[in-house]
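**Q** build me a structure from this.
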Amino acid sequence: MNNQRLILFCVLFFSLYMLWDAWLKQGQPKPQTLADKVATASVLPGGVPTPTPNGTVPPSLQSAVPATVVAAGGITVSNATVKTDLFVAEISSQGGDLTRLELIRHKATEDKDKSFVLFDNGEKHLYQAQTGLIGEGLPNHRTAYRLAQDQYQLKDGQDTLELRLEAVTAGGGQNARAVKVYTFHRGSYQIDVGYEITNLNAAQGVALAPHAYFQMVRDGKSGGVGSAMMASTYTGPAVYTEEGKFQKMAFEDIAKNKAKFVQKASNGWIAMVQHYFVSAWLPQGDSEREFYVRKLGEDLYSAGVILPLVKPIAPGATATVVVKLYAGPQEQENLAKFAPGLDLVVDYGWLTIIAVPLFWVLQMLFKLVGNWGWAIILLTVLIKLMFFPLSAASYKSMAKMKLVTPKMMKIKEQYSEDRERLNKEMMELYKREKINPLGGCLPILVQIPVFIALYWVLLATVEMRYAPWLGWIVDLSTKDPYYILPLIMGATMLVQTKLNPPPPDPIQAKLMAFLPVLFTAMFLFFPSGLVLYWVVNNMLSIAQQWQITRMIERGAANASS
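**A** Just a heads-up that it's a prediction; the model follows:
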């Protein structure tokens, strides 16, 4: 009985949480139109600080890029398309910005016949990677660049593809030449973005000490990029340093200037996180760096990092600065290889400590069987074996409770008017029959965190996205399209209800009889992988409970004969 009460309480609590979360999402303000966003972005400076006269980064990041921008020299804005084995990228001649990035090995959320678009130039939302140099006469993300050609492709046999853009300057007085370089790698979601800077101040003998900035500019929109139906997933900037570890900054806090994070460090990276995918600037080495986030306009934000060159550039000399850009899926096995802590962008919520090892085991099983559905089934069996002693104790307690139910009903009828005597007689019955009335609670208490952690694993891991099992289950991260698994789950719960001792209270008995219907209705919209776990778990529980109940009943029959 206590076991059933606990289940009912947890179901109601979880349902209320989901309803509250859905209500909050419905109450969010209507997003800004794409036309307004693009128009706003075209006039905003990007929120990058200007250098002080001595060339160092100012302590505050509130000043803007100089209003004067290098003239385009009559060159109109154009785009270059870059095709690799993983990307279709578009790079604009204005600023050399990475304005669109299509991940050809990942399907779009709305249309599975199309590829997923991470960076977007305004087709659905605004999300771009921008870079620039800080210093007088140096190019920033609004400077015009020359594109040597409009089509680039990583050919068979090539491991890397390089795209070079040279800034277009206006007239004489040029004190530096800057070439922006993109390097794409075969089989990798890493893109190297950097500058080759040549000091042309030979006559003046003045060294250059510029800084470089690398930023993502994004609207605050989270829908349409793989957001979850049953729970909100995080969208926004995140900073990682050895001092502050992983720190997320909500767009709402950025807008109110309340975002708290480590701003200066000799290590770390900055990312823009969304459901299933991430883009991150990953500076190498231990050079001092400054992280910043800010609101640029209505529903438009920037997050970036500022880096100094290792040493000043002597007259006539050339120096380079390169930062790795990771732009792709949140594949946990690979993220940590790019930078320490990058795997933390996979958000498991407050049960990370359980979800991380759970996914590790699940991934090992997937490598063994080659299918995430069968891996979930094997994981369920392993979890069941791990909790077998607890489950056995629970089922023994319930089997004994079922045997003494007639005695319990008799005591209830006899002392129905005396609550104190009723409780005393019931406790004596439990003691005499060696029954622990709370024996069925512990296994459920242990399994609830595992259940919720697995829910977040299925929700947060991109490996589950569009992962098929068999037949009609073509995506374990979304609901069963025909609701077959939830109906099977409801049937197994009904069988379990019949195996449990009936509650003595008629109202409670009706509630317990309604429990399978409530669970079925709730699981209709859960990820099918989670429902699969629950179905298999129920089937194993039925087999175990039936066997233990039969053994207890057989033992009682032998003792009475």
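
**Q** for this structure, longest strand please?
**A** Longest strand in the chain by number of residues (criterion: DSSP state E): strand 318-329.

**Q** show me how far it is from its chain's centre.
**A** Here the centre of strand 318-329 is set off from its chain's centre by 23 Å, with CA atoms, centre = their mean, to the nearest Å.

**Q** return it as CSV; C-alpha atoms alone will do.
**A** Output of strand 318-329 as CSV, limited to C-alpha atoms (Å, rounded to 0.1, in the frame of the first residue of the first chain):
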residue,chain,number,x,y,z
THR,A,318,53.9,39.2,-39.8
ALA,A,319,52.2,37.6,-36.8
THR,A,320,49.2,35.2,-36.6
VAL,A,321,46.4,34.6,-34.2
VAL,A,322,44.2,31.5,-34.5
VAL,A,323,41.3,30.2,-32.5
LYS,A,324,39.5,27.0,-32.9
LEU,A,325,35.7,27.1,-33.5
TYR,A,326,33.7,24.0,-32.7
ALA,A,327,30.3,24.1,-34.4
GLY,A,328,28.4,20.9,-34.3
PRO,A,329,26.5,18.3,-32.3
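
**Q** what's the following helix or strand after it?
**A** Per DSSP states H and E, the first helix or strand lying C-terminal to strand 318-329 is helix 332-338.

**Q** and that following helix, what's buried?
**A** 332, 334-335, 338 (16 or more other CB atoms under 10 Å). Backbone N, C-alpha and C define where each C-beta goes, glycine included.

**Q** stretch 157-177 now?
**A** Applying 16+ other CB under 10 Å to stretch 157-177 flags 161, 163, 165-169, 175-177 as buried.

**Q** coming back round to it: can you tell me the strand partners of the longest strand of the chain and which way each runs?
**A** According to DSSP bridges, strand 318-329 has the following sheet partners: strand 190-199 (antiparallel), strand 277-282 (antiparallel).

**Q** adding mean pLDDT, write the ones you listed out as JSON lines.
**A** JSON lines is the format used below for the strands paired with strand 318-329 (pLDDT from 0 to 100):
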{"stretch": "strand 190-199", "mean pLDDT": "95"}
{"stretch": "strand 277-282", "mean pLDDT": "97"}
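
**Q** which one of the ones you listed lies nearest to residue 238?
**A** Closest approach to residue 238 among the strands paired with strand 318-329 (CB to CB): strand 277-282, 8.3 Å.

**Q** what does that closest one contact?
**A** Residues outside strand 277-282 that contact it (CB atoms under 8 Å, 6 or more residues apart in numbering): 103, 106, 116, 118-119, 129, 214-216, 225-226, 269-272, 304-305, 323-330, 335, 338-339, 342, 345, 462.

**Q** and if you look at stretch 147-155?
**A** Residues outside stretch 147-155 that contact it (CB under 8 Å, 6+ apart) are 78-85, 91, 93, 160-161, 163-165, 184, 186.

**Q** mind checking which of those residues are buried?
**A** Neighbour counting with 16+ other CB under 10 Å marks 79-80, 82-84, 91, 93, 161, 163, 165, 184 as buried within the contacts of stretch 147-155.

**Q** tell me the two of these that are most distant?
**A** Largest separation among these by CB to CB: 84 and 93, giving 20.1 Å.

**Q** what is the end-to-end distance of stretch 261-279?
**A** One end of stretch 261-279 sits 18 Å from the other (CA to CA, to the nearest Å).

**Q** buried residues, that stretch. List them.
**A** So, applying 16+ other CB under 10 Å, buried residues of stretch 261-279: 261-263, 265, 267-279.

**Q** out of the residues you listed, which are inside helices?
**A** Assignment to helices by DSSP state H places none of the buried residues of stretch 261-279 there.

**Q** domain parsing for the protein?
**A** Domains of the chain are assigned by automatic domain parsing as 44-52+70-223+284-324, 355-400+438-555.

**Q** can you list the buried residues in the longest strand of the chain?
**A** In strand 318-329, counting by 16+ other CB under 10 Å, buried: 319, 321, 323-329.

**Q** swap in stretch 491-501?
**A** For stretch 491-501, a neighbour-count test (16+ other CB under 10 Å) marks 492-494, 496-497, 499-501 as buried.

**Q** between which two of those residues is the distance greatest?
**A** Comparing all pairs in these by CB to CB, the longest separation belongs to 492 and 501, at 18.3 Å.

**Q** rewinding a little: nearest to residue 245 among the buried residues of stretch 491-501?
**A** Nearest member of the buried residues of stretch 491-501 to residue 245, counting by CB to CB, is residue 493, at 41.4 Å.

**Q** contacts only, for the closest one.
**A** By CB under 8 Å, 6+ apart, the contact set of residue 493 is 515-516, 519-520, 538.

**Q** which SS state does it fall under?
**A** Counting by DSSP: H, G, I helix; E, B strand; the rest coil, the backbone at residue 493 sits in helix.

**Q** got it, and the one 5 residues further on?
**A** In terms of secondary structure, residue 498 is helix; the call rests on three-state DSSP.

**Q** per-residue pLDDT, it?
**A** Residue 498 is assigned a pLDDT of 80 by the prediction.

**Q** stretch 111-119: end-to-end distance?
**A** Note: stretch 111-119 ends 17 Å apart using CA to CA.

**Q** quick check: buried residues in that stretch?
**A** Applying a neighbour-count criterion of 16+ other CB under 10 Å, one finds 115-119 buried in stretch 111-119.

**Q** wasn't residue 182 part of a helix?
**A** No - in this structure, residue 182 is strand, not part of a helix, as judged by three-state DSSP.

**Q** where does the closest residue in space to it that isn't next to it in sequence sit, in terms of helix or strand?
**A** Among residues not flanking residue 182 along the chain, residue 163 sits closest, at 4.3 Å (CB to CB, 6 or more residues apart in numbering). Assessed by DSSP H and E, residue 163 sits inside strand 160-167.

**Q** adjacent strands (with direction) for that strand?
**A** Here strand 160-167 has these sheet partners by DSSP bridges: strand 145-147 (antiparallel), strand 176-185 (antiparallel).
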